[in-house]
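Chemist: fold the following.
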Amino acid sequence: MTEGRYVYCIVDSDKPKEFGDIGLMGKPTSIVVHKDIGAVVSPVPYAEVDASIDNILAHQRVVDASRKVGTSLPVKFGTIFKKEDGVTTLLAKSYDDYRSKLAKLKGMDEFGVKVLFNKAGLAKVKSAVETSSPEILKMRRSLVKSREGKSYFTRLKMSEAIKAEAYRKIDELSREIHQELAKSSQENSVLKSDHQQIVLNAAYLVRRGEGDAFLARASHLGKVYAEKGLVVHSSGPWAPYSFC
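Modeler: Okay, here's the model as predicted:
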């Protein structure tokens, strides 16, 4: 089978460098240079790369290693060229764009934050809504005065109202967390979430050296909002995956 070149990321480096056998399938990884930028690559069979856990982790491992060389722009998983000439052509064709992004992201790290709720958290928010929402309190007073037949429908309506108000409150609390964290970042991006219980999935671009303070702020918010039924999970520092 033809041997291709798998591309992990673009780096701010004008010197060839070898990273050792840390690439996909344990292959040697190195930098292909064009002017003052480079592409971190390794040889792989020229075929579609399986998005297995091992391959995804290898991709991330190489990107992390490249950050020790300079600013890194992660490339989409599965990017492969038939020959090394294809890599140099990519660098030449996209040079101005890569150069601009590398300058913008120099000295920056990405941190991720997810805000989640579970059954216990939802119950806690619902309890707070029941005792504080004017609409729910009004319905509860109406329930006391209702006849038995009417009270059934009033209870049903109130249950749905509590649920809707609880989810609205959860969204409101997650926005508060996002706004607080955004103050400690240079840029932020709200990402798609495929799980209903993740009410915020966001990335934050933070100056290198300010990462510990950002994580401390996220940890503090986690403690504050745990009392309100939410879980705050932070991760990083990472290469700027969400800002390339």
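
Chemist: quick one: least confident helix or strand in this structure?
Modeler: Counting by mean pLDDT, DSSP states H and E, the weakest-scoring helix or strand in the chain turns out to be helix 134-145, with a mean of 64.

Chemist: for this protein, give the helix that spans the most residues.
Modeler: As assigned by DSSP state H, the longest helix anywhere in the chain is helix 148-182.

Chemist: buried ones in the next helix or strand after that one?
Modeler: Counting by DSSP states H and E, the next helix or strand C-terminal to helix 148-182 is strand 187-190. By neighbour count with 16 or more other CB atoms under 10 Å, strand 187-190 contains the buried residues 187-188. To be clear about C-beta, it is placed using only N, CA and C from the backbone, and glycine gets the same treatment.

Chemist: returning to that earlier point: buried ones in the longest helix of the chain?
Modeler: By 16+ other CB under 10 Å, the buried positions in helix 148-182 come out as 154, 158, 161-162, 165-167, 169-170, 173-174, 176-178, 181.

Chemist: by pLDDT, rank those and give me the bottom one.
Modeler: Across the buried residues of helix 148-182, the smallest pLDDT goes to Thr154, namely 64.

Chemist: all strands for the chain, in order.
Modeler: Here the chain has its strands, by DSSP state E, at 3-11, 18-20, 29-34, 37-45, 72-74, 80-81, 108-116, 187-190, 198-207, 231-238.

Chemist: and Ala65, which of the ones you listed is closest to it?
Modeler: strand 18-20 (5.2 Å; CB to CB).

Chemist: which other helices and strands contact the closest one?
Modeler: Under the contact criterion of 3 or more CB pairs under 8 Å, 6 or more residues apart in numbering; DSSP states H and E, strand 18-20 touches strand 29-34, helix 53-66.

Chemist: pick the most buried one from these.
Modeler: Highest mean neighbour count among the helices and strands packed on strand 18-20 (mean count of other CB atoms under 10 Å): strand 29-34, with a mean of 20.

Chemist: partner strands of it and their direction?
Modeler: strand 18-20 (antiparallel), strand 37-45 (antiparallel) (DSSP bridges).

Chemist: and the contacts of it?
Modeler: 5, 8, 11, 13-23, 38-42, 62, 65-66, 69, 84, 87-88, 91-92, 95 (CB atoms under 8 Å, 6 or more residues apart in numbering).

Chemist: tell me what angle that strand forms with strand 3-11.
Modeler: Using axes from the mean of the first three to the mean of the last three CA atoms, to 10 degrees, the direction of strand 29-34 lies 70 degrees away from that of strand 3-11.
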